[in-house]
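Participant: what would the 3D arrangement of this be:
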Amino acid sequence: MIEVISAARCVECNQCVSVCPTNVFDRVEDGIPVIARQSDCQTCFMCELYCPVDALYVAPDSEGVTGVTEVVLEQQGLLGGYREKVGWGKGRQPVASHDFMYKLAARAGF
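Facilitator: Next up, the predicted model:
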């Protein structure tokens, strides 16, 4: 479930608002978007994937709020972590080119 929008990182591009399939966010005139309907989040990670500055954190728990803070996420390097894992963003390696994907494909007979 969406947990955090980092005010320090957000550039107010509203990509999260545009890509969210369940309309969780509201645009704010001259400000960062607001998580307006958190319980509608389906933990699809689209907002986190499309955030160009890694300002969002979607917790993998889709059933409830974990209460994690931005400070903790910064310390653990988790803001935008899903986007990093799939290789989205400048200087990141796409998941399809990771060595473990080649090994997985070989095991599957491809």
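Participant: what are the boundaries of the strands in the protein?
Facilitator: In the chain, strands defined by DSSP state E lie at 2-5, 25-26, 34-35, 56-58, listed in chain order.
Participant: just how off-centre is stretch 52-72 within its chain?
Facilitator: Mean-position distance between stretch 52-72 and its chain equals 8 Å (Cα atoms, centre = their mean, to the nearest Å).
Participant: list the buried ones in it?
Facilitator: For stretch 52-72, burial by neighbour count (16 or more other Cβ atoms under 10 Å) applies to 54, 55, 56, 57, 58, 59, 70. For glycine as for every other residue, the C-beta is placed from the backbone atoms N, C-alpha and C.
Participant: tell me which of the strands of the chain is the most buried.
Facilitator: Neighbour counts (mean count of other Cβ atoms under 10 Å) averaged over each of the strands of the chain peak at strand 56-58, with a mean of 26.
Participant: show me what that strand pairs with in its sheet, parallel or antiparallel.
Facilitator: Partners of strand 56-58 in the sheet, by DSSP bridges, are strand 2-5 (antiparallel).
Participant: which residues sit against the strand it pairs with?
Facilitator: 16, 24, 32-35, 38, 41, 43, 47, 55-59, 65-70, 73, 79 (Cβ atoms under 8 Å, 6 or more residues apart in numbering).
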